[in-house]
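Student: Provide a 3D model corresponding to the input given below.
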Amino acid sequence: MKNVVLLGSTGSIGTSTLKVAEDLPGHIRLIGLGAGNNVERLLKQALHHHPAAVSIGDPAKAAELQVALGAAVRVFSNAEGLIQLATLPEADIVLIAIVGTAGLQPALAAIRAGKDIAVASKEILVMAGEIVMREAREHGVRVLTVDSEHSAIFQCLDGKPSKSVRALWLTASGGPFRLTPKEDFSAITVERALKHPSWVMGRKITIDSATLFNKGLEMIEARWLFDIEMGRVKVVVHPQSVVHSMVEFVDGSILAQMSTPDMCLPIQYALTYPDRVASQRVRTDPTRLGQLTFEPPDPERFPALDLARRAGEIGGTFPAVLNAANEAAVEAFVAKRINFPQISERVASVMGRHNVVEHPDLAQILEADRWARHEATH
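Tutor: Okay, here's the model as predicted:
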């Protein structure tokens, strides 16, 4: 039985995690639930799963929750509340599914408290991969992933060392504009960008999948998760989203992990690792898959990949700037202040003005994040 703290319980990954917990009551116990400000959904989740503690962003809503849940459940609030959840003494693993930078401090707090972490928030490793992985080594804890792509690589590597790897191949669906001519990109609407062909996800990650920034961020994540330089991290477009990623070994063999697209599978694998636990939720019939195709991404139409590779190669504060500028640009696109191609253009512009700090501490990373958001907004 794993005692699990879930930060971001009301979002897309969070609700999928709750399904996994319901599927495997003999293996997963949810002891902590943290949310932003959706107090109604958090209350419903808490009444169903009976955690020992919950946290909500707004202290006033925390008071409402305490009344509704009674004295048996501890109720925390604000950013400090997430840290209190992440360090619950009885927790075995903390799954962090908070969008944005809010998950970084709880992740480090969990690691320092000796907890394994499962990462769904890309920002944690993109911004501070060097710090997070160093702290994990020092405290003897695992950093697992619930991204389908990184879970696939983790399963294919199966403990093999970095020196045995020729390349990590991250698969990308190509998003809704895989076949759209570049000259039509400026006419892409927010509504069209939010219609992903393979996955149902939150708004930010769906836009990132349309620009391929999502895949760029995953490249940087892979570099830290698997201790491998950016030159060996590749991207291939695979529209069917059945092969979730591949590992090419130095002897020429390629191992791939396949399944029908369902985020419950990588979530379950992270929470039950190193075991594989029987579940009927994800079933894949190879005879019904049809044709599986692979093609190279087009850097002319999707410059996000080259921007991310450059940020990952240079390192330091550069990935934090890439991430923060992209978040601000996506917000501007959703608000219809800029068009679709201008997301990448704005990120490139901010990166071009940044003076990189090598081997930054957390304060320098957060300052680079703040600076990039300001630059991308003004």
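Student: please make it C-alpha for all contacts and neighbour counts, starting now.
Tutor: Fine.
Student: for this protein, which element, helix or strand, carries the lowest mean pLDDT?
Tutor: Least confident helix or strand of the chain, by mean pLDDT, DSSP states H and E, is helix 203-211 with a mean of 88.
Student: what segments of the stretch 101-250 of the chain are strands?
Tutor: Remark: strands assigned in the stretch 101-250 of the chain by DSSP state E, counting those that start in this stretch are 116-119, 143-145, 165-172, 233-237, 243-249.
Student: which strands border the first one, and is each parallel or antiparallel?
Tutor: According to DSSP bridges, strand 116-119 has the following sheet partners: strand 93-96 (parallel), strand 143-145 (parallel).
Student: checking R41 next. Helix, strand or coil?
Tutor: Of the three states, R41 takes helix under DSSP: H, G, I helix; E, B strand; the rest coil.
Student: residue contacts, it?
Tutor: Listed by CA atoms under 8 Å, 6 or more residues apart in numbering, the contact set of R41 reads T10.
Student: identify the residues contacting stretch 353-364?
Tutor: So stretch 353-364 is contacted by 128, 130-131, 315-318, 321 (CA under 8 Å, 6+ apart).
Student: and S241, how far is that from S148?
Tutor: Look at S241 and S148: by CA to CA, to the nearest Å, they are 10 Å apart.
Student: next one: M263
Tutor: 7 Å.
Student: and those two? Which one has more around it.
Tutor: Using other CA atoms under 10 Å, the more surrounded residue of M263 and S148 is S148, with 26 against 20.
Student: list the buried residues for the one helix or strand L265 maps to?
Tutor: Using DSSP states H and E, L265 falls within helix 264-272. By 16 or more other CA atoms under 10 Å, the buried positions in helix 264-272 come out as 264-272.
Student: roughly how far out does it sit from the chain middle?
Tutor: In terms of CA atoms, centre = their mean, to the nearest Å, the centre of helix 264-272 is found 14 Å from the chain centre.
Student: which residues does the helix or strand following that helix contact?
Tutor: Next helix or strand after helix 264-272 toward the C-terminus (DSSP H and E): helix 304-314. Contacts to helix 304-314, defined as CA under 8 Å, 6+ apart, come from residues 211-213, 215-217, 219-220, 223, 229-230, 299, 318-319, 322, 344, 348.
Student: the inter-axis angle of helix 304-314 versus helix 203-211?
Tutor: Counting by axes from the mean of the first three to the mean of the last three CA atoms, to 10 degrees, helix 304-314 points 100 degrees away from the direction of helix 203-211.
Student: please point out which parts of helix 304-314 sit buried.
Tutor: Buried, per 16+ other CA under 10 Å, within helix 304-314: 304-305, 307-312.
Student: check which helices and strands the helix or strand following that helix is in contact with.
Tutor: Tracing the chain past helix 304-314, the next element assigned as helix or strand by DSSP H and E is helix 318-334. Applying 3 or more CA pairs under 8 Å, 6 or more residues apart in numbering; DSSP states H and E, we find helix 318-334 packed against helix 122-139, helix 203-211, helix 213-225, helix 304-314, helix 341-352, helix 362-377.
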